[in-house]
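In: compute the structure for the input listed below.
(4 chains)
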4 protein chains.
Amino acid sequence: MMRNIKVEHLIETPVEKQQIELVERKGVGHPDSISDGLAEAMSRALCKEYIEKCGAVLHHNTDETQIVAGRSNPQFGGGEVIQPIYTLLVGRATKEFNGVEIPAEAVAIKAAKNYLRNTIVDLDLESDIILDCKLGTGSSDLRDVFQRDRVPVANDTSFGVGHAPFSELEQIVYDSERMLITDLKKKIPGIGTDIKVMGLRDNDDIQLTICCGMVGKYIDDMDHYINLKEEMVDYVTDLALKRTDRKVTTFINAADNCEKNSVFLTVTGTSAEMGDDGSVGRGNRSNGLITPNRPMSMEATSGKNPINHIGKIYNLLSTQMAKDIVKAVPDVDDVYIKLLSQIGKPIDQPFVASAQIIPADGANFNSIKSEVEVIMDDWLSDVTRITKMVINGELDTF
Amino acid sequence: MMRNIKVEHLIETPVEKQQIELVERKGVGHPDSISDGLAEAMSRALCKEYIEKCGAVLHHNTDETQIVAGRSNPQFGGGEVIQPIYTLLVGRATKEFNGVEIPAEAVAIKAAKNYLRNTIVDLDLESDIILDCKLGTGSSDLRDVFQRDRVPVANDTSFGVGHAPFSELEQIVYDSERMLITDLKKKIPGIGTDIKVMGLRDNDDIQLTICCGMVGKYIDDMDHYINLKEEMVDYVTDLALKRTDRKVTTFINAADNCEKNSVFLTVTGTSAEMGDDGSVGRGNRSNGLITPNRPMSMEATSGKNPINHIGKIYNLLSTQMAKDIVKAVPDVDDVYIKLLSQIGKPIDQPFVASAQIIPADGANFNSIKSEVEVIMDDWLSDVTRITKMVINGELDTF
Amino acid sequence: MMRNIKVEHLIETPVEKQQIELVERKGVGHPDSISDGLAEAMSRALCKEYIEKCGAVLHHNTDETQIVAGRSNPQFGGGEVIQPIYTLLVGRATKEFNGVEIPAEAVAIKAAKNYLRNTIVDLDLESDIILDCKLGTGSSDLRDVFQRDRVPVANDTSFGVGHAPFSELEQIVYDSERMLITDLKKKIPGIGTDIKVMGLRDNDDIQLTICCGMVGKYIDDMDHYINLKEEMVDYVTDLALKRTDRKVTTFINAADNCEKNSVFLTVTGTSAEMGDDGSVGRGNRSNGLITPNRPMSMEATSGKNPINHIGKIYNLLSTQMAKDIVKAVPDVDDVYIKLLSQIGKPIDQPFVASAQIIPADGANFNSIKSEVEVIMDDWLSDVTRITKMVINGELDTF
Amino acid sequence: MMRNIKVEHLIETPVEKQQIELVERKGVGHPDSISDGLAEAMSRALCKEYIEKCGAVLHHNTDETQIVAGRSNPQFGGGEVIQPIYTLLVGRATKEFNGVEIPAEAVAIKAAKNYLRNTIVDLDLESDIILDCKLGTGSSDLRDVFQRDRVPVANDTSFGVGHAPFSELEQIVYDSERMLITDLKKKIPGIGTDIKVMGLRDNDDIQLTICCGMVGKYIDDMDHYINLKEEMVDYVTDLALKRTDRKVTTFINAADNCEKNSVFLTVTGTSAEMGDDGSVGRGNRSNGLITPNRPMSMEATSGKNPINHIGKIYNLLSTQMAKDIVKAVPDVDDVYIKLLSQIGKPIDQPFVASAQIIPADGANFNSIKSEVEVIMDDWLSDVTRITKMVINGELDTF
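Out: Numbers count the residues shown, from 1 in each chain, chains lettered A, B, ... in the order given. Alright, predicted model coming up:
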């Protein structure tokens, strides 16, 4: 059956040339991102367990973690969590299959603890967080889907969205958070994992407003704090200037009032310790960013099963398609992919697969169009590759 | 102080003229919408309580309801909920102020029950749902904000997004869900409140895929069910054709397999009874739609306090600005508003207030620009009007 | 098979003649009693549901309700609950049997609400209490028990204890609470359901110390409160004097300090609204009393299934045996029954059935012995009568 | 002020000479005992934290832990927990004092984990248990009590009960569980911590029925299991015979059906993993036993604050008094202590302090009486010694 692929020439000022551009990234320790990370960690662990015990991934969706913030008393040189963060791991999972019992909640909780231990490194699991878990069982109809030996059918009528390439600002915002955690935190342990980067570009002026929950126990006093902030500002600005010729200004913890001793200090590096709740699917899209100048999907990607949950698969697939297109097809300034499923239809046959292309000036759109169609069709005919990449942990979801 | 208002001429194929357009609306009984509705109902009730007891709205955010789906055994002519839906109402609220205690959780729970009773009309509160509640207290710094007698400062660095006017498809998708519930349900009580409308426009073909959890107790048997679906299809198609000259095709419950007795039947009219979890901010944007062809914000609007939570205020304000602009300024085909705050700055002074205008062919952009600037500046100088409208229940949030 | 019945002549000062006697009763609104009442209400509702759907009572135990106290702001003429009482209904229940699904949690929650509505009459279910529920499924071995068509086998190695007759003080303590609620509350609605009566008899002096959470909305002011207390003191003293010739002194809310405005006032009539947690099996024994001068069992009676849960059946049966013995056999001053099961043995064949008899002076013990043995043997050969009485609501459990 | 001490000559067949005696002990891994242990561990940790931060123990009661059983799949040589045990730590605690914040819930959770790690040694905290926590704040009136620099006043009208000496059966039942865990488990790791010992003495025949959840991972197969049981039977019988000349018969896991592969096997050593819920105060009295032939109190001892919670203090004090009396006063066969408080009165002035003495034949009761009075008066005048012993961990509570 022919696939319903529509490639369209979009007349549009490319984002890079629009006057105002906004880009946001919530770092791994932001309460919404923690929820995303827990959701995806649970799903990966369940996939592994199902394959080990039953030879195939069974129905599950663990895409609804809810974090209820705690209360803390941060201090330079120490501090403590007063009331632990409460985390409710929520979802559905198959708990029995052909007589085999699957310890879904035990697996989920173990995976959640491992994830927190490795990612939210300044959180003390012994006392700072309560992990609760409510995993229902899925409906039997859905469970059925997973037993068929062919292309799964879509669990829902839903769409995914992707784009490529990243604009300068998108790349800078993404890299800022990533490098602060993976690189500068080695030198400055006081950098918390809860980093929010808001990028504003007004023509050729880029302003990065960064919120970072600093970790009190690694910071001696206010002077130390102020010095660290300056070091971080320089680091981020330098990093950005490697990726752009535009002017870059960086603010860190703009609401700090050092005279009044009111600064963004934490015990655990995340504001979930103090007043900031979090949940899945409210932060970064599957490409790691929030981009109001671009089409986006509301579908949470994290925690959904990678077999038939179209809200996950099509978001990830759209992004992969878009990346491949800009890599392989010349003269594409911007490409937007939208994939729409219809419930009950095979996932390699989307209701519509739409590509909107902003070609470079003078490009031959017809040639672009046919190349793009081939790339999209190839991906769709090999759609379960996304499933495998997810299970192998090759795709980020937030 | 001058406001940082930027009005930009956007070259773009207007959505109405793009080849592929996608629009989605989750109805009031969808688990994500129930979460939104509960979140906003709690916030409104708290606003009222605060005003009554303390003379002013105090700090709160109740924007994190989590619904854990139950299990049910739907039947024609009856059925029952086997495992109740579990709902965790989450947020922060001021519980004490100048010696006055505010029964925040009692107020929240009461408001939640009233909301469900009025909106999810086929849900039996006596046995079908568990309402749990965890409201922390906010940080004292934030509480401080609410006591100042001037324009509040932004609680976060965050942005809101709005657009106008609605495209044909947007209007049709929105109206379909609304009219099914407010009009046709009077005649056909078997229509459940959990209605999801997915609209796809491929040039001049509109396809509406509707998922509706039908209420078993009002439906005699499969024949009755099939008849009702046909009646609904006709109703929605007729409704759409009043708003467009394009071709309209409507599907209802596309995954039904009547021979196998597998149809979308429920006890309570919402899939939260059986396997579909829900949470705040994952469904409709504040204009009631999900529109991947338009800029969107990821910020949940429901449940946030309307005083200084910029994620709420700027989303609502952007939409109001956009609507006023298309109403008052001629020759605007599409307008996109983005409002960005910086934490700690007065909310009438956004970090940037951006309008992107797609003018009609031949329009005078400079004239448009100055009119738009005035409208935006007026709204910003009267920004607390949004607060009042929210408290009075004049603005929908999802 | 002969039953292992042992009737023993106990040399002992009868309680009525001991110098110091202590007797306590926690009224229906005491947090521990609320837990007991909820536990038993759930079990009764489940029994009914099982019989209706499956023709027989299936395995369940709902004997572990936990009440987490709320917080309140009581006032003369009003007051309000600030933080709702949290109640976790806990237990096991069969949720599926021969393909029939039983909505155990929905039934439990509905029964709990009905119980509260009828018993804790001043509690507003709309806002003052959160009802949560966690019912696991039982082990399959246990479920098996319920399908056999013969005398069930004991689920545990456990014992029940009973005695008769009530001493004067026991009768007075029991009646005081009962009559305050069922009689005087009609006239004085300000009497709360949370009444604790502690009776001390020192030879011929009886002192009743009563704690009663008064309901603020029915009491105008401190004078009114003081008057009501006096009326209650008179009522209880008069009631007691009808049952004894001893001297009776009654204290109500002995810790009140009226000058400091510190009195035992409540919003809902139960201290669960403010700081007093509760759980099943920590209050009254199945005869309605706590009697340290008598043998007692630690086994909670409320909420256990009446089919094979020996902790329930043998407590109730012991009391019934004891009552029958003092009614039918002359010259028995006091009788103590202890019934011990061994796990896996039929419940009509206790490991030991012990009666300790304190005969009247000059009585013929051998004659007593043989009469007692017959009564005990009769009851044991008709042991499932207890089951039926429980299901029909003919036996109190606390 | 003279204390109201009443010493009474009780005519009674001493327990050792009664025909039927029942004694029970629930081991540390029994779900009710786990609850007791967690409750007391939390209280001890809070006492320590309060002293460290505020210089004195502040108001708290953590006496209401609720355990909701999980589900498991035990196997010889392994097995796994399918659904984790859910544990709700419940109580009240002072969270703020003179501007100092006390992280009550964080302290409680940490203490709970440490307790489980040290006591329920075969439970994997990483995946087998969920620890949730709801600690309310106490009423301000109660908090006041803790600040006064004199003998605290009773928080309630309540009584404690104690007796001495242990009968043979009591000692045997107590020692059996203790030695299986502290001694034999070193050699046989397959012995689980969930051991229930039920002792029945019928004149000179002692029968010990022991339930012990064996730990699958340390047991190879059914033969191994049967061998271990035999070894345990011999061990317990030998131990008992060192303490009595009566005949001793021991049963272990009497409901086992080895042919049907139905034996009491566990993954974690406690039946909380599979269907047995637990809560505080439903198991052993503060002397470690359940003794229906003796007076008992229903008051939970574990988890209550040791400053003014009379339900704890008087239970522990009664037992200490009784022990001292039988040690110091000759010719006392049995002594029963009952201490009754009245709410609001100093705890060194009980409403009544009753001793019932069963003297040896021919003893001089008057001499006994005066010696007993002195011991009781001495203890009461130094009542806060109990508080210190509790804080220092010198007194067991279950």
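In: residues of the stretch 1-150 of chain A that sit close to chain B?
Out: A:6, A:8, A:10-13, A:18-20, A:22, A:24, A:61, A:63-64, A:66, A:68-71, A:83, A:86, A:88, A:90-92, A:134, A:136-139, A:141-142 (Cβ under 8 Å from any Cβ of the partner chain). All C-beta spots, glycine's among them, are computed from the backbone N, C-alpha and C.
In: ChimeraX command to pick out the buried ones of those?
Out: Those of the residues of the stretch 1-150 of chain A next to chain B that count as buried under 16 or more other Cβ atoms under 10 Å in any protein chain shown are selected in ChimeraX with:
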select /A:6,8,10,12,13,18,19,20,22,24,61,63,64,66,68,69,70,71,83,86,88,90,91,92,134,136,137,138,139,142
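In: and chain C, which of the residues of the stretch 1-150 of chain A next to chain B contact it?
Out: Within the residues of the stretch 1-150 of chain A next to chain B, nothing lies near chain C by Cβ under 8 Å from any Cβ.
In: so which of the residues of the stretch 1-150 of chain A next to chain B are in strands?
Out: Residues of the residues of the stretch 1-150 of chain A next to chain B located in strands (DSSP state E): A:6, A:8, A:20, A:22, A:24, A:61, A:66, A:68, A:71, A:83, A:86, A:88, A:90-92, A:134, A:136.
In: my read is that residue A:305 contacts residue A:56, right?
Out: No: counting by Cβ atoms under 8 Å, residue A:305 stays clear of residue A:56, with 11.5 Å between them.
In: tell me which of these two has more neighbours.
Out: residue A:305 (31 against 13; other Cβ atoms under 10 Å in any protein chain shown).
In: so what's that one up against?
Out: A:43, A:47, A:57, A:59-61, A:312 (Cβ atoms under 8 Å, 6 or more residues apart in numbering or on different chains).
In: what is the most widely separated pair among those residues?
Out: A:59 and A:312 (13.3 Å; Cβ to Cβ).
In: looking at the two, which one has more neighbours?
Out: residue A:312 (31 against 27).
In: from chain D, how far out is that one?
Out: Applying Cβ to the nearest Cβ, to the nearest Å, the value for residue A:312 to chain D is 25 Å.
In: how far away is that residue from chain C?
Out: 30 Å.
In: how would you label that residue: helix, strand or coil?
Out: helix (DSSP: H, G, I helix; E, B strand; the rest coil).
In: now do the helices in the stretch 251-398 of chain A.
Out: A:310-328, A:365-381, A:384-391 (DSSP state H, counting those that start in this stretch).
In: quick one: closest of those helices to residue A:217.
Out: helix A:384-391 (36.2 Å).
In: buried stuff in the closest one?
Out: A:386-387, A:390-391.
In: let's have those in a markdown table, adding pLDDT and distance to residue C:105.
Out: Formatted as a markdown table, the buried residues of helix A:384-391 follow (pLDDT from 0 to 100; distance: Cβ to Cβ, whole Å):
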| residue | pLDDT | distance to residue C:105 |
| --- | --- | --- |
| A:386 | 97 | 37 |
| A:387 | 95 | 35 |
| A:390 | 96 | 34 |
| A:391 | 93 | 34 |
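In: now distance to chain B too, for those residues, in TSV please.
Out: Output for the buried residues of helix A:384-391, formatted as TSV (distance: Cβ to the nearest Cβ, whole Å):
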residue	distance to chain B
A:386	19
A:387	21
A:390	20
A:391	22
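In: interface residues of the stretch 51-200 of chain A facing chain D?
Out: Going by Cβ under 8 Å from any Cβ, the residues of the stretch 51-200 of chain A near chain D are A:73, A:80-84, A:86, A:95, A:101-103, A:105-107, A:109-110, A:113, A:126-128, A:130-133.
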